[in-house]
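In: Predicted model follows, preceded by the sequence.
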Amino acid sequence: MDRMFAQLVERLDGLTAHEYLWEPADDAWTVRATDGGGALVDGAGERDADPPPITTIAWRLWHIAVDCFDDYTRRFGGDTTDAPAVWTLDPAEAMETLHEKWLGYRSAVADRDWWEELGDSWEHWSRHSIADMAMHASNELVHHGAEVALLRDLYRASFSEAAP
């Protein structure tokens, strides 16, 4: 997964604030500023949207960092609360947090018995092994990373060098 994570980070080099929050379609899920100066994630915790919404790069990075890596790390400690619905409007801060959450997840699985059952804090995954969860985490990183890459390609094709 180190190589997969490095590919995503490399693909995000030069990410601008406009690109990070660009909504490629109406009703896209993103991260929105609050009156209090924070930022909330659209649809955080919703799992059954049908059809799934179009999302922004900001939303996808929250999903990878917090809804996946941080959630998995917290579950190893028995914490089953929903992923926080707060994120950042700053792409540099998002990249720092993504890296921090990646390192936390990586550390949480590094020395575990990969064939051990996950346990009760994993709810419907409880009877699965750590290896199963790690494969799922790999899938989340790769497919959402690919979606981020596609959004970057679409953004580049949609705006000239003078993008706002």
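Out: That came through fine.
In: switch to C-alpha atoms for all contacts and neighbour counts from now on
Out: Noted.
In: buried set for the longest helix seen in the chain?
Out: Longest helix of the chain, by residue count under DSSP state H: helix 130-158. For helix 130-158, burial by neighbour count (16 or more other Cα atoms under 10 Å) applies to 130-134, 137-138, 140-142, 144-145, 147-149, 151-152, 155.
In: and it, how far out from the chain's middle?
Out: Centre-to-centre, helix 130-158 and its host chain are 9 Å apart (Cα atoms, centre = their mean, to the nearest Å).
In: tell me what that helix is packed against?
Out: With contacts defined as 3 or more Cα pairs under 8 Å, 6 or more residues apart in numbering; DSSP states H and E, helix 130-158 has these neighbours: helix 2-11, helix 57-62.
In: Need the contact partners of the shortest one.
Out: It refers to helix 57-62. The contact list for helix 57-62 (Cα atoms under 8 Å, 6 or more residues apart in numbering) reads 19-22, 29-31, 41-42, 87, 89, 91, 94, 98, 144-145, 148, 151.
In: What of stretch 116-133?
Out: Contacts for stretch 116-133 (Cα under 8 Å, 6+ apart): 75-76, 78-80, 109, 112-115.
In: Okay, and which of those map to helices?
Out: Of these, the ones assigned to helices by DSSP H are 75-76, 109.
In: Quick one: mean pLDDT for the longest helix of the chain?
Out: The average pLDDT for helix 130-158 rounds to 95.
In: for the one residue sitting closest to the centre of the chain, what are its contacts?
Out: Nearest to the geometric centre of the chain sits Ile64, at 1.7 Å (Cα atoms, centre = their mean). Ile64 makes contact with 98, 140-141, 144, according to Cα under 8 Å, 6+ apart.
In: what's the distance between it and Gly37?
Out: 23 Å (Cα to Cα, to the nearest Å).
In: ok, now Arg47?
Out: 27 Å.
In: again, but for Thr55
Out: 22 Å.
In: okay, these two: which has more neighbours?
Out: More crowded of Thr55 and Gly37, by other Cα atoms under 10 Å: Thr55, with 22 against 6.
In: before we move on, the earlier item: distance to Leu15 for the contacts of Ile64 - can I get that in JSON lines?
Out: Formatted as JSON lines, the contacts of Ile64 follow (distance: Cα to Cα, whole Å):
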{"residue": "Leu98", "distance to Leu15": "14"}
{"residue": "Glu140", "distance to Leu15": "21"}
{"residue": "Leu141", "distance to Leu15": "18"}
{"residue": "His144", "distance to Leu15": "16"}
